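Colleague: please find the sequence and the predicted model below.
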Amino acid sequence: MFNRLVKLLSMLSESQVQKIQEKSANENDSLSLMFGALSDPGRMQVFKILLEHNDICVSDMANILKVSVPAASRQLTILEFAGLIKKIRKGQSTCFKILWDSEKTRMLIQILKKGETR
């Protein structure tokens, strides 16, 4: 009965509600991945290093962080899966850089920069 009452009082059509639900679900998934990836202090550090230095190869990141190459690679792969960075090949080396094409990544960077100024 409650659901019928809600439908009667609703100003949106069924198709409008469905479109909003689909868009919201997709956005929530990608935002959850991004925030989840950056919730780890080590990955946040990796992301900030990439912000400052544009692109860095896995072996260099391992040296910077004083961790093994597989450990650095794993952190970078998680950030890539979250849609924050992208992989680029330089000969036999694998490097990563910020995914500036993504509007969500750019917005997230703005939020991080605002947080640093406070």
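Modeller: Good, I have the coordinates.
Colleague: which SS state does Trp100 fall under?
Modeller: Here Trp100 is coil, with the state taken from DSSP: H, G, I helix; E, B strand; the rest coil.
Colleague: how near is it to Asp40?
Modeller: 22 Å (CB to CB, to the nearest Å). To be clear about C-beta, it is placed using only N, CA and C from the backbone, and glycine gets the same treatment.
Colleague: middle-most residue in the chain, spatially?
Modeller: Met34 (2.9 Å; CA atoms, centre = their mean).
Colleague: any idea which element that residue lies in?
Modeller: helix 14-38 (DSSP states H and E).
Colleague: just checking, what packs against that helix?
Modeller: helix 41-53, helix 69-81, helix 103-117 (3 or more CB pairs under 8 Å, 6 or more residues apart in numbering; DSSP states H and E).
Colleague: in it, what counts as buried?
Modeller: Residues of helix 14-38 classed as buried: Leu33, Met34, Ala37, Leu38 (neighbour count, 16 or more other CB atoms under 10 Å).
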